[in-house]
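Participant: Sequence first, predicted model second:
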Amino acid sequence: MEIRLSGVVNDSIVDGPGIRLTVFTQGCPHCCPGCHNLETHDYQGGYVGDTDLILSALTENPLLDGVTLSGGEPLDQPLACNHISQGAKKLGLNVWAYTGYLWEDILEKGNPQILALLEQIDVLVDGPYQVNQRSLELLFCGSKNQRIIDVKKSLKTKTIVLWKKEQ
């Protein structure tokens, strides 16, 4: 399946716990001031990749703990990101995703493709990057407004449950 990418980074240690394969999707509607991935904003930028090649990269690295969907905005490519997430889960890997959208807005819009993707995601870091709330002390996010959400628990309880390290 085709996916528009900015890039793929193997052996990331900053996009979630453990060693990760990070998929940087291309295209972002948020265009947050101060974003450190400016090159991912243009929906026509980057290149067209293949989700099967990404899944192959997952199987080739026995040290991976998980895959992270970043951007750009991965929720704008829900079918391709879901394909990657399902493949990662079959390999026993956890799935993290970063989005500039808010959890509440995602659920309220109820896009079935995005909701299906959420079912595969273990942890979602939500909210736009806000340069005036930037902090280098935060774990796995860039600004204090962003939340690290335990997706499985949040969907089950129908309330936001924050992820805790070493669960």
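Facilitator: Sure, I can see it.
Participant: what sits up against whichever helix in the chain runs longest?
Facilitator: Looking across the chain with DSSP state H, the single longest helix is helix 78-90. By C-beta atoms under 8 Å, 6 or more residues apart in numbering, the surrounding residues in contact with helix 78-90 are 1-3, 23, 25, 51, 54-55, 58, 66-67, 69, 74-75, 94-95, 97, 111, 113-114, 116-117, 120-121. Any C-beta I mention is one placed from the backbone N, CA and C, and that applies to glycine too.
Participant: mean confidence for it?
Facilitator: Taken as a whole, helix 78-90 has an average pLDDT of 98.
Participant: going on from it, what's the next piece of helix or strand?
Facilitator: Heading C-terminal from helix 78-90, the first helix or strand you meet, by DSSP states H and E, is strand 94-98.
Participant: so that next one versus helix 78-90, what angle?
Facilitator: Taking axes from the mean of the first three to the mean of the last three C-alpha atoms, to 10 degrees, one finds strand 94-98 and helix 78-90 inclined to each other by 150 degrees.
Participant: show me where the chain has strands.
Facilitator: For the chain, applying DSSP state E gives strands covering 2-12, 20-25, 47-50, 66-70, 94-98, 123-126, 147-150.
Participant: Can I get the ones you listed in CSV including distance to Asp105 and mean neighbour count?
Facilitator: As requested, the strands of the chain are exported to CSV (distance: least, C-beta to C-beta, whole Å; neighbours: other C-beta atoms under 10 Å):
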stretch, distance to Asp105, mean neighbour count
strand 2-12, 23, 17
strand 20-25, 19, 25
strand 47-50, 27, 13
strand 66-70, 18, 26
strand 94-98, 15, 25
strand 123-126, 9, 23
strand 147-150, 13, 19
